[in-house]
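*Asks:* Show me the folded form of this:
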Amino acid sequence: MNRKYTDLFFKHLFSAVALFSVLALGAIVLFVFIQGSLPFFSPTAQGIRLVPQRIEEITVNGALYLNQSSINLPKGTDVISLSFPSTDGDETLEVTINTSEKDPEKALTFTRNERGNVTYPEAYVYTISWPGAIAALEKRIHIIIPEPPYGFFKFISGLEWRPSHFKVYGVFPMIAGTLMASLGAILLGVPIALLCALFMSEFLPPRFAAIVRSGIELLAGIPSVVYGFFGLMVIVPAVKNIFHVPSGNTMLSAILVLALMILPTIITIAETSLRVVPLSVREASLSLGASKMQTSWRVVLPHANSGVIAGIILGISRAVGETMAVILVAGNSPQLVFSPLQSVRTLTSTIAMEMGYASGRHSEMLFSIGVVLFAFILILNSMILWFRRRMEEA
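*Replies:* Numbering: from 1, shown residues only. As a prediction, the model looks like this:
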């Protein structure tokens, strides 16, 4: 009876844990998709925001604000009239807002500005400065205009990534860089990994195969930053010296490091799948006159294609989603590359490098890059699974 209740308890416990894990994963994916889709459907704010600096008392459209770090104006405000006291008397400023103007540099018209100096430090931001006794006492007011929804096709096909000043978010160079670096790593690493797995499972003596297998499993557990450091110290100087380029931080270096990183994963899973192929399959092939190589390549490998393809999928996912190693060796220049000897930036590198200081629309666009990366991996894995089904049908 106690065993019955114990089994029942663990059954419900495991079911609850599994359900919680699925719900948590679904909530994370939903959160990323919502955050990533916001820039394309909603503006950054409903109205204009004022940010006073070193101004303790300010009147905006007849309302008095004391020690306010941020003032949000109602949606539809077309005139801003503000004033604040200073040592030389009250400073006043009137601003007319043209809500129909598409160019943010022309959206505001300063109809009365006696002493303030108006600058345009970045898109959708105006800064009005009033001089003080010293530069540290200069009074400022930042007028921040809401950014309109960003075009999705402009985001996908844009060739420039300038989030700080120009507010331009084009990720096509990063998509192309991710695709080319991953494809190069796959073309270089997958054949080598399959040949190594076949050699270990079919030709290497079991005792030596166990030693090599342990070493490869150890390589699979090494953190990616260690591979990146190895690439920075060895591969990057080698690429620079061999091809005589100004810098070895190129797409070729990223391809070599990624190919090196996916080898242990693919070899481990593929070799395990090859080892579990029944001995009778090998004996049947050999008894028909096939050689050891023919049996390994045309009988054992197709028989274990399910596990081999699973290893390839995991290796590709690691190549596409790798961050730290690529940051160290790729150069991270957000440009469209036409040569493997040019600097490249991937989608994951952009997220890792800029999420720490991004805010507002910039932060939302980084979530959008995460959605693009998720869709990219999903499409790539779906293509591999489709190819696998076609192979099984054939």
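
*Asks:* Could you name the specific helix or strand carrying Phe14?
*Replies:* Here Phe14 sits within helix 2-37, counting by DSSP states H and E.

*Asks:* what's the answer for Leu258, then?
*Replies:* Assigned by DSSP H and E, Leu258 falls within helix 251-275.

*Asks:* buried residues in that helix?
*Replies:* If you call a residue buried by 16 or more other C-beta atoms under 10 Å, then helix 251-275 has these buried ones: 251-275. C-beta: built from backbone N, CA, C; applies to glycine.

*Asks:* What of stretch 173-183?
*Replies:* Within stretch 173-183, the residues scored as buried using 16+ other C-beta under 10 Å are 173-178, 180-182.

*Asks:* likewise stretch 63-72?
*Replies:* 65, 68, 71.

*Asks:* now stretch 275-284
*Replies:* 275, 277, 282.

*Asks:* Save the residues you listed as a markdown table, and put in distance to Ser247 too.
*Replies:* Shown next, in a markdown table, are these (distance: C-beta to C-beta, whole Å):
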| residue | distance to Ser247 |
| --- | --- |
| Arg275 | 44 |
| Val277 | 47 |
| Arg282 | 50 |
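
*Asks:* wait, Ile316 sits on Ala259?
*Replies:* No. With contacts counted by C-beta atoms under 8 Å, Ile316 stays clear of Ala259, the gap being 11.5 Å.

*Asks:* about what we covered before: tell me the mean pLDDT over the following helix or strand past the helix holding Leu258?
*Replies:* Per DSSP H and E, the first helix or strand lying C-terminal to helix 251-275 is helix 279-287. The average pLDDT for helix 279-287 rounds to 84.

*Asks:* which residues does Ala185 contact?
*Replies:* 254-255, 258-259, 261-262, 319 (C-beta atoms under 8 Å, 6 or more residues apart in numbering).

*Asks:* rerun at 6 Å
*Replies:* Counting by C-beta atoms under 6 Å, 6 or more residues apart in numbering, Ala185 makes contact with 255, 258-259, 319.

*Asks:* and which of those residues is nearest Ser21?
*Replies:* Ala319 (25.9 Å; C-beta to C-beta).

*Asks:* okay but the closest one is in contact with Ser182, surely?
*Replies:* Yes. At 4.6 Å, Ala319 counts as touching Ser182 under the criterion of C-beta atoms under 6 Å.

*Asks:* circling back: let me have the buried residues of stretch 173-183 in TSV, extended by distance to Phe40 and secondary structure.
*Replies:* As requested, these are exported to TSV (distance: C-beta to C-beta, whole Å; DSSP: H, G, I helix; E, B strand; the rest coil):
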residue	distance to Phe40	secondary structure
Pro173	19	helix
Met174	17	helix
Ile175	16	helix
Ala176	21	helix
Gly177	22	helix
Thr178	21	helix
Met180	26	helix
Ala181	27	helix
Ser182	26	helix
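
*Asks:* In JSON lines, list these along with pLDDT.
*Replies:* Output for the buried residues of stretch 173-183, formatted as JSON lines (pLDDT from 0 to 100):
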{"residue": "Pro173", "pLDDT": "92"}
{"residue": "Met174", "pLDDT": "92"}
{"residue": "Ile175", "pLDDT": "92"}
{"residue": "Ala176", "pLDDT": "91"}
{"residue": "Gly177", "pLDDT": "91"}
{"residue": "Thr178", "pLDDT": "90"}
{"residue": "Met180", "pLDDT": "91"}
{"residue": "Ala181", "pLDDT": "91"}
{"residue": "Ser182", "pLDDT": "89"}
